[in-house]
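K.L.:
sequence and predicted structure, then a few things I'm wondering about:
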Amino acid sequence: MRKIIAIAATLILSSGALSAQRLIVRMDDIGASHAENLAIIKCYQEGIGRSAEIMPVCPWFLEAATMLNENPGLDVGVHVALRSEWIGYKWRPITNCPSLCDEDGYMNFNFGGKADLKEIEAEIRAQIELALKYVKNVTHITDHCMWTMIMPELGEMAKRIAADYGLRYQGSGDEEIGIYNLPVGYGGEGSYEDRLLEGIKKMEKGKTYWTIEHPGLDNEEMKGIYEIGRDGKRTNVGRDRQAVTDAFTSPKIMQYIKENGIELVSFGDVMREHKVIKK
């Protein structure tokens, strides 16, 4: 009888887990700047961030690696970069890959561009290997500025290379392991915090959702990182990324998540459940 009760209790618990909503919050660009490193760790320690994407080609990579290793519960993806998009702040590749670079040697692989596939693969592998050398909890890779969409061969290349290292490419194919995009509106009226909360409220029972953003701090360092907008003016990256940090550590959002039994998980958690990675 006790055995039957124990089995029944296990089934009830399993059923409860399946009926709960789960949320993955992905934080991009750790390693790009000191401000972003600080913000992403803050969003993990004090907020809802659970997966961080590290950029091995960027100048603050080694600090980011140390911070990630000091927070072993934070899941890590290698955020492979083939483009440096900012004005006045750029990075160069690890390998010799002239087809990916501008005349000054800065990475410049953009939509509408073509590059040598062998050079692309060598650079992807070099970035993954550098991350694996310094970071302990790597489970997946991601593409900075969506380079897998630039050439038709690159999506499959990313999946193949990730698998060679026992990792998974996080992007296309997420629904195969039960991960769905969180319905968060970008732009428009209202704060990012409000839009994120509305998206969380729309989550369906029994599903795992993910969302992506870029935490940062509105400080002097981030003011030097910008693009030129369609209006011809500098974009205010520090302000926008501070809003993300504020939302990811929002007491209002965290209270809603707690009161509604939403479980915060990482890509690594779900990938291990589905046995699609070796780590």
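P.N.:
Nice, thanks for sending it over.

K.L.:
contacts only, for the residue lying closest to Leu196 once chain neighbours are set aside.
P.N.:
Leaving aside its sequence neighbours, Leu196 sits nearest to Ala247 (CB to CB, 6 or more residues apart in numbering; 5.1 Å). All C-beta spots, glycine's among them, are computed from the backbone N, C-alpha and C. By CB atoms under 8 Å, 6 or more residues apart in numbering, the residues touching Ala247 are Ser191, Tyr192, Glu193, Leu196, Glu213, Ile253.

K.L.:
state the mean pLDDT of stretch 223-238.
P.N.:
Per-residue pLDDT over stretch 223-238 has a mean of 95.

K.L.:
which of the contacts of Ala247 sits closest to Ala39?
P.N.:
Comparing these against Ala39 with CB to CB places Glu213 closest, at 10.6 Å.

K.L.:
surely the closest one is in contact with Glu36?
P.N.:
No. Contact criterion CB atoms under 8 Å: Glu213 and Glu36 do not qualify, at 11.5 Å.

K.L.:
which one of the two is surrounded by more residues?
P.N.:
Glu36 (29 against 23; other CB atoms under 10 Å).

K.L.:
the residue nearest to Leu196 should be in a helix, yeah?
P.N.:
Yes. Assessed by DSSP: H, G, I helix; E, B strand; the rest coil, Ala247 belongs to a helix.

K.L.:
residues near the closest residue in space to Asp269 that isn't next to it in sequence, how many?
P.N.:
Sequence neighbours aside, Asp75 is the residue nearest to Asp269 in space, at 7.2 Å (criterion: CB to CB, 6+ apart). Neighbour count of Asp75, defined by other CB under 10 Å: 26.

K.L.:
let me know the pLDDT of Asp75.
P.N.:
For Asp75, pLDDT reads 99.

K.L.:
ok, what's across the strand from it?
P.N.:
Beta-bridge pairing for Asp75 (DSSP bridges): Ser51.

K.L.:
what's near enough to touch it?
P.N.:
With contact taken as CB under 8 Å, 6+ apart, Asp75 is in contact with Arg50, Ser51, Ala52, Asn137, Thr139, Ser266, Phe267, Gly268, Asp269.

K.L.:
try it again at 7 Å.
P.N.:
The neighbours of Asp75, taking CB atoms under 7 Å, 6 or more residues apart in numbering as the test, are Arg50, Ser51, Asn137, Thr139, Ser266, Phe267, Gly268.

K.L.:
hang on, the earlier thing: now the contacts of Ala247 in TSV, with distance to Arg241?
P.N.:
What follows is the contacts of Ala247, written out as TSV (distance: CB to CB, whole Å):
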residue	distance to Arg241
Ser191	14
Tyr192	10
Glu193	13
Leu196	14
Glu213	8
Ile253	17
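
K.L.:
of those residues, keep whichever come out buried.
P.N.:
Tyr192, Glu193, Leu196, Glu213, Ile253 (16 or more other CB atoms under 10 Å).
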